[in-house]
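Peer 1: Predicted model and sequence below, questions to follow.
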Amino acid sequence: MIDYQSMLNDEVKRIKPSGIRRFFDIANEMDNVISLSIGEPDFSTPWHVRQEGIRTLEDGKTWYSPNRGFIELREEICRWLKRRYHLEYEPKTDVVVTVGGSEAIDLCIRCLVKPGEEVLIPEPSFVCYRPLTEMAEGVPVTIQTKQEDKFRLTAKALREKITPKSKLLILPFPNNPTGAVMRRADLEQIAEVVKEHNLMVLSDEIYSELTYGETRHVSFASIDGMKERTVVVNGFSKAFAMTGWRLGYAVGPKEIIGQMTKLHQYGIMSAPTMAQYAAIEAMKNGDSDIDYMREQYDMLRRLIVDWLNSMGLTCFEPEGAFYVFPCIKSTGLSSQEFCEKLIYAEHVAVVPGDAFGECGEGYLRVSYSYSIKHITEALSRIRHFLKTLK
Amino acid sequence: MDRLLNLLDENARLSTEQLAVMLGKTPDEVENAIAEYEKQGVIRGYKALINWEKVDQNKASALIELRVSPKRDRGFDEIAGRIMQFEEVESVYLMSGGYDLAVKVHGKSMQEIAMFVMRRLSTLDSVLSTATHFILTRYKDGGIILSSEDEKDERRSVLCD
């Protein structure tokens, strides 16, 4: 009999499993559950993009691609970044195409973080930064963002967490789960601190195309002096509704991208070929798809924010991604309690805010990546639930 | 306000308040825009899209191709105008190609539709010939998918896998 526990890597065992697993197990066993918990687009990939994927299969293009990704795709990525965010990168050396943005995040952290160095992680934020940091033998340091700051990272909050061991700052904006975005002025203040303390930055901009209102997304790498300190991670999942294709990329200084490519080469070989051809089509001819989807999300966003506020679940107005992050402190329940009661009483599933860091306690993540009909039904049930609490 | 029309086209039961919030307008502005569209005849009515097969198994419908002889001066308008008066007729289109009018007809049974075509349509003066195609299954109608199984959301929460 093998003692697997002694066989397994202690670091891996120490990583906390997702705290909401049990909660979703409940949801899965129930009938008639209506969910506002999904973190991916409510659209299928645009048809012309899917067709390009189909065509590559018909043509038998079923081989590996170059490790960094097809040069045509890297050129399109650089053109895209220039057109949308005024970023200048060299397709041959500054880009690596990855299996989703997630792989790019992993590669970047592993390439930059030495054992014992601190990685500054604003929370609430997506769940992967902390475990990936731990696997790289780095030390995760949480920076709490607050509703009164519109969940933006402030230079002050960042400064307070800086130590001589600080190495890498994660910038997860537009933010999942809060919907916060950073304006140019906010980024410029962060840039000051980054320069002052010689930090490197991983800017996870996967939701960059989903920002609402007058101002568009500003890439951190476009801030004066930040390009040489920043690895920008982006991808096709959210902008083009291509989650299942698993395709993302990182751009940055060629010295870093070169090392990331090396890891990518040994761990992954190359990103999926079919997805890369489809992505070329998306970047060339997909602007109107993005405009359409953004407009749909924006209408749902207004609807859900207005409705939640009118029910007394106050939420700051999210300006990006497709989530709202209402505060439930007025109910006197914890996030977990609220979500559990809600699912038992009304069969509505939302994600407790503390899944995205301890400071998400007292909040919920509500996704509006659903049809109007679905959202109105779910919100009616939540309203009913709140009445029963009183 | 094309977005207003798109929203109503998708779901005519949204309240004025909901529409206003989604479009970033005031409820009054939305009311006025709808009134104006109704006045202009852009919005012609509101109805539910019903999957009648679920309610009444015997309901039948058919697409009927008509070849007709156009009238001097009035072209196809006169015959189309007569056909659309029948209660059984849901839609009438003038078509390019091998026939002239496409008529969609509802009835309690195929038998009833057959009688309607024989007695009412084919006897009209300018009708030269008819071809009746019964609809066997409606998969999608009016932009709505009517499959018997509700569409399942196959997306999953990546947070808990």
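Peer 2: It's in.

Peer 1: in chain B, which helix or strand is least confident?
Peer 2: The helix or strand of chain B with the poorest confidence is helix B:52-55; it has a mean of 76 (mean pLDDT, DSSP states H and E).

Peer 1: following that one, which helix or strand comes up?
Peer 2: Going down the chain from helix B:52-55, the next helix or strand is strand B:60-68, by DSSP states H and E.

Peer 1: Quick one: residues in contact with the helix or strand just after that following strand.
Peer 2: For strand B:60-68, the succeeding helix or strand toward the C-terminus, using DSSP H and E, is helix B:77-83. Outside helix B:77-83, the residues that touch it by CB atoms under 8 Å, 6 or more residues apart in numbering or on different chains are B:66, B:68, B:70-71, B:89, B:92, B:94, B:101, B:103, B:121, B:124, B:126-127. C-beta here means a position set from N, CA and C on the backbone, and glycine is covered the same way.

Peer 1: Please identify the buried residues of helix B:77-83?
Peer 2: Residues B:79-80, B:82-83 are the ones in helix B:77-83 that count as buried (16 or more other CB atoms under 10 Å in any protein chain shown).

Peer 1: swap in stretch A:37-48?
Peer 2: Using 16+ other CB under 10 Å as the test for burial, stretch A:37-48 gives A:37-42, A:45-46.

Peer 1: Quickly check: the host helix or strand of residue B:5 near chain A or not.
Peer 2: Assessed by DSSP H and E, residue B:5 sits inside helix B:2-10. Yes: using CB under 8 Å from any CB of the partner chain, helix B:2-10 reaches chain A at B:3, B:7, B:10.

Peer 1: Contacts only, for the last one.
Peer 2: Spelled out, that is residue B:10. residue A:372.

Peer 1: Show me where the chain has its strands.
Peer 2: Assuming you mean chain A. Secondary structure of chain A (DSSP state E): strands at A:34-35, A:95-98, A:118-123, A:139-144, A:166-171, A:200-204, A:230-235, A:248-251, A:323-324, A:348-349, A:351-352, A:364-367.

Peer 1: looking at chain B here, not the other one
Peer 2: With DSSP E, the ranges of strands along chain B come out as B:60-68, B:89-94, B:101-107, B:127-134, B:140-141, B:144-145.

Peer 1: quick one: which of those is nearest chain A?
Peer 2: Proximity to chain A (CB to the nearest CB) singles out strand B:144-145 among the strands of chain B, at 10.9 Å.

Peer 1: For stretch B:123-133, which residues meet the burial criterion?
Peer 2: Quick answer for stretch B:123-133 (16+ other CB under 10 Å): B:127, B:130, B:132.

Peer 1: How about residue 138: what's its closest non-neighbour residue?
Peer 2: Picked chain A for this. With sequence-adjacent residues excluded and distances taken as CB to CB, 6 or more residues apart in numbering or on different chains, residue A:138 is closest to residue A:113, at 3.8 Å.

Peer 1: Oops, wrong one, chain B.
Peer 2: Once flanking residues are discounted, residue B:138 sits nearest to residue B:146: 5.4 Å by CB to CB, 6+ apart.

Peer 1: Pretty sure that neighbour sits against residue B:51.
Peer 2: Yes: if you go by CB atoms under 8 Å, residue B:146 and residue B:51 touch, sitting 5.0 Å apart.

Peer 1: Now the common contact residues for the two.
Peer 2: Contact criterion CB under 8 Å, 6+ apart; residues shared by residue B:146 and residue B:51: residue B:138.

Peer 1: The longest helix anywhere in chain B vs helix B:2-10, what angle?
Peer 2: Longest helix in chain B, counting residues (DSSP state H): helix B:27-40. Counting by axes from the mean of the first three to the mean of the last three CA atoms, to 10 degrees, helix B:27-40 lies at 70 degrees to helix B:2-10.

Peer 1: Run through the buried residues of stretch B:123-133 and flag the ones next to chain A.
Peer 2: When CB under 8 Å from any CB is taken as the criterion, no member of these contacts chain A.

Peer 1: For the residue nearest to residue A:138, give me its contacts.
Peer 2: By CB under 8 Å, 6+ apart, the contact set of residue A:113 is A:119, A:133, A:136-138, A:167-168.

Peer 1: cool, residue A:94 as well?
Peer 2: Here residue A:94 is in contact with A:78, A:251-254, A:257 (criterion: CB under 8 Å, 6+ apart).

Peer 1: how close does it get to chain B?
Peer 2: Computed as CB to the nearest CB, to the nearest Å, the residue A:94 to chain B distance reads 29 Å.

Peer 1: Could you report the distance from that residue to residue B:155?
Peer 2: Here the criterion is CB to CB, to the nearest Å. By it, residue A:94 lies 33 Å from residue B:155.

Peer 1: The stretch 51-200 of chain A against chain B: which residues are in contact?
Peer 2: Residues of the stretch 51-200 of chain A lying near chain B (CB under 8 Å from any CB): residue A:127.

Peer 1: Please repeat the previous calculation with a cut-off of 10 Å.
Peer 2: Within the stretch 51-200 of chain A, the positions near chain B by CB under 10 Å from any CB of the partner chain are A:102, A:126-128, A:177.

Peer 1: list the contacts for residue 89?
Peer 2: No chain was given, so I picked chain A. By CB atoms under 10 Å, 6 or more residues apart in numbering or on different chains, residue A:89 lies in contact with A:74, A:77-79, A:81-82, A:95, A:221, A:227, A:232, A:251-254, A:257.

Peer 1: meant chain B actually
Peer 2: With contact taken as CB under 10 Å, 6+ apart, residue B:89 is in contact with B:64, B:83, B:103-106, B:116, B:120-121.

Peer 1: buried subset of the residues you listed?
Peer 2: With neighbours counted by 16+ other CB under 10 Å, the contacts of residue B:89 contain buried members at B:64, B:83, B:103, B:105-106, B:116, B:120-121.

Peer 1: wait, isn't residue A:115 in contact with residue A:133?
Peer 2: No: in this structure, residue A:115 is not within contact of residue A:133 by CB atoms under 10 Å, at 11.2 Å.

Peer 1: Who has more neighbours out of these two?
Peer 2: residue A:133 (24 against 8; other CB atoms under 10 Å in any protein chain shown).

Peer 1: Which pLDDT value belongs to that one?
Peer 2: The model reports residue A:133 with a pLDDT of 97.

Peer 1: Check which residues of stretch A:262-280 are buried.
Peer 2: Neighbour counts over stretch A:262-280 (16+ other CB under 10 Å) mark A:263-264, A:270-280 as buried.

Peer 1: Redo those residues as JSON lines? Include distance to residue B:46.
Peer 2: Output for these, formatted as JSON lines (distance: CB to CB, whole Å):
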{"residue": "A:263", "distance to residue B:46": "59"}
{"residue": "A:264", "distance to residue B:46": "55"}
{"residue": "A:270", "distance to residue B:46": "53"}
{"residue": "A:271", "distance to residue B:46": "48"}
{"residue": "A:272", "distance to residue B:46": "46"}
{"residue": "A:273", "distance to residue B:46": "49"}
{"residue": "A:274", "distance to residue B:46": "44"}
{"residue": "A:275", "distance to residue B:46": "43"}
{"residue": "A:276", "distance to residue B:46": "46"}
{"residue": "A:277", "distance to residue B:46": "44"}
{"residue": "A:278", "distance to residue B:46": "40"}
{"residue": "A:279", "distance to residue B:46": "42"}
{"residue": "A:280", "distance to residue B:46": "44"}
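
Peer 1: Any chance of those in JSON lines with pLDDT as columns?
Peer 2: As requested, the buried residues of stretch A:262-280 are exported to JSON lines (pLDDT from 0 to 100):
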{"residue": "A:263", "pLDDT": "97"}
{"residue": "A:264", "pLDDT": "98"}
{"residue": "A:270", "pLDDT": "97"}
{"residue": "A:271", "pLDDT": "98"}
{"residue": "A:272", "pLDDT": "97"}
{"residue": "A:273", "pLDDT": "97"}
{"residue": "A:274", "pLDDT": "97"}
{"residue": "A:275", "pLDDT": "98"}
{"residue": "A:276", "pLDDT": "98"}
{"residue": "A:277", "pLDDT": "98"}
{"residue": "A:278", "pLDDT": "98"}
{"residue": "A:279", "pLDDT": "98"}
{"residue": "A:280", "pLDDT": "98"}
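
Peer 1: Appreciated, that's everything.
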